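Visitor: Quick one: sequence plus predicted model below, questions after.
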Amino acid sequence: MESPGSIGLATSLCCFCVILSLTAMVINPVVASENCKFPAIFNFADSNSDTGGYAAAFSQPPWPYGMTFFGMPAGRFSDGRLMIDFIANTFGLPFLSAYLNSLGSNYTNGANFATAASTIRLPTSIIPAGGFSPFYLDLQYDQFVQFKSRTQQIRKRGGVYKDLMPKEEYFPKALYVFDIGQNDLGEGFFANMSIKEVNATVPDVINSFSTNVKRIYKLGARSFWIHNTGPIGCLPYIFTNFQPAERDSAGCSKPHNEVAQYFNYKLKEAVAQLRKDFPSAAITYVDVYSVKYSLFSHPNKYGFELPLVACCGYGGEYNYSNEAGCGSTITVNGSQIFVGSCDRPSVRVDWDGIHYTEAANKFVFDRISSGAFSEPPLPLKMACHRT
């Protein structure tokens with residue numbers, strides 16, 4: 001039989017443990033938060049997370065695109081999966097169907113409005129006469145508005161199509177992902193604008209971005225996961241077309257990366273203001289730039305090699321030229337040459353001179369999903385929480 005003293009001691013210890021546990025939950029609200037259960041994802045972006053929009057509207061990226069994971073071209077500008085694919089996997093959701101793809105699509109758990117070459121602002125050089133997608137962010141928003149309305153009309157009709165559309169209650173509970181802006185900078189560079197001139201366009205680009213986030217919020221969105229833009233000056237399509245005035249220690253174009261950093265500075269400011277404007281929303285700013293740059297500055301540390309050299313390409317020091325795109329056939333000295341993949345894309349960073357390999361995408365995703373590069377510092381699984 002226990003003595004009254006030992007019972008009292010045990011009771012005190014129990015109370016102390018409860019108080020300590022509650023204190024920890026107050027100090028660290030993440031401990032008190034549950035993982036989010038997003039039933040759907042809606043993505044607004046460019047080629048970094050296009051899962052078939054460009055392919056449906058224009059042309060499919062040819063083999064060897066898709067070779068690593070899908071074993072065939074799958075509408076993605078990589079050898080395999082993209083960060084948006086890993087995001088969907090995190091929540092047990094299927095890969096997102098492209099909004100523009102009318103064949104074999106299932107929108108039960110969301111939709112992808114991204115297309116390769118998309119910009120935030122209306123581009124001046126549009127496919128097929130130019131190089132950028134007509135589906136800029138304003139149009140992606142318009143597509144979402146139509147999608148939200150028409151899917152519910154289709155569900156009311158019943159039948160087989162009902163099961164291919166998201167439920168109405170999924171929209172306010174969904175995760176809204178943004179990864180767009182790199183092409184706004186690229187358009188300026190390829191229009192022969194100076195670094196200073198491209199910088200001067202950034203505030204207006206960011207203002208357009210904020211306007212669209214506000215509009216989507218007003219349609220009921222509450223959880224936002226916003227990627228900043230990557231180190232554009234580390235990509236062969238930039239430093240082979242523009243002779244950098246200065247290279248950094250990783251071999252990247254320092255002036256072009258400084259434009260990307262300025263874009264990210266203004267984006268971070270804008271996201272902070274959006275949080276003030278919409279205190280009921282969970283808006284997470286994700287520093288993709290820092291993680292991607294680490295692949296160029298310390299590739300060996302993470303098991304990668306030749307980060308500045310395209311895996312799938314042809315020509316020059318960086319295995320890239322505008323005339324010999326990945327998957328094309330070119331004539332060299334009278335012989336036909338297929339522009340194919342390098343031997344080991346699993347240890348390469350750059351896929352085709354513009355986009356990243358699946359291995360690089362997975363590396364970046366693993367780090368940003370932890371919350372270590374987010375503001376507030378919440379992991380992806382808690383992106384429905386404000387703190």
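Guide: Structure's in. What do you need?
Visitor: make it CA atoms for all contacts and neighbour counts henceforth
Guide: Fine.
Visitor: Can you name the residues that contact Phe135?
Guide: 115, 118-119 (Cα atoms under 8 Å, 6 or more residues apart in numbering).
Visitor: Ala372 too?
Guide: Ala372 touches 378-379, counting by Cα under 8 Å, 6+ apart.
Visitor: With Phe263 instead?
Guide: Contacts of Phe263 (Cα under 8 Å, 6+ apart): 199, 202, 206, 229.
Visitor: so where is this protein shaky, pLDDT-wise?
Guide: Counting by pLDDT under 70, the chain has low-confidence residues at 1-32.
Visitor: again, 80 this time
Guide: Counting by pLDDT under 80, the chain shows low-confidence ranges at 1-33.
Visitor: For the most centrally placed residue in it, list each beta-bridge partner.
Guide: Central residue of the chain (Cα atoms, centre = their mean): Asp179, 4.1 Å from the mean position. Beta bridges link Asp179 to Ala45, judged by DSSP bridges.
Visitor: That one reaches Ile226, doesn't it?
Guide: Yes. Counting by Cα atoms under 8 Å, Ile226 is a contact partner of Asp179 at 6.4 Å.
Visitor: what about Glu246, how many neighbours?
Guide: Neighbour count of Glu246, defined by other Cα atoms under 10 Å: 12.
Visitor: what's the residue lying closest to it once chain neighbours are set aside in contact with, if anything?
Guide: Excluding its sequence neighbours, the residue lying closest to Glu246 (Cα to Cα, 6 or more residues apart in numbering) is Lys254, at 5.7 Å. Counting by Cα under 8 Å, 6+ apart, Lys254 makes contact with 233, 244-248.
Visitor: out of those, what pair is the most spread apart?
Guide: With Cα to Cα as the measure, no two of the contacts of Lys254 lie farther apart than Gly233 and Ala245, at 11.4 Å.
Visitor: quick revisit: can I get the buried part of the contacts of Lys254 as one PyMOL selection?
Guide: If you want just the buried ones from those in PyMOL, going by 16 or more other Cα atoms under 10 Å, the selection is:
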select buried, resi 233+244+247
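Visitor: any idea how far the residue nearest to the centre of the chain lies from Ser49?
Guide: As judged by Cα to Cα, to the nearest Å, Asp179 and Ser49 stand 7 Å apart.
Visitor: Was I right to think Gly230 contacts Ser294?
Guide: No. Assessed by Cα under 8 Å, Gly230 is found out of contact with Ser294, at 10.9 Å.
Visitor: Quick check on those two: which one has the bigger neighbour count.
Guide: With neighbours defined as other Cα under 10 Å, Gly230 and Ser294 compare such that Gly230 has more, 24 against 15.
Visitor: How about the contacts made by that one?
Guide: 182, 260, 288-290, 292-293.
Visitor: How is it assigned, secondary-structure-wise?
Guide: Put simply, Gly230 is coil when judged by DSSP: H, G, I helix; E, B strand; the rest coil.
Visitor: Now Ala57. Nearest residue, chain neighbours left out?
Guide: Per Cα to Cα, 6+ apart, closest to Ala57 is Leu100, 6.7 Å.
Visitor: Would you enumerate the residues in contact with that neighbour?
Guide: Taking Cα under 8 Å, 6+ apart as the criterion, Leu100 is in contact with 52-53, 56-57, 113.
Visitor: Selection in PyMOL covering whichever of these are buried, please.
Guide: Buried subset of those, written as a PyMOL selection, criterion 16+ other Cα under 10 Å:
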select buried, resi 52+53+56+113
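Visitor: for the contacts of Leu100, which one is nearest Leu308?
Guide: Gly52 (26.3 Å).
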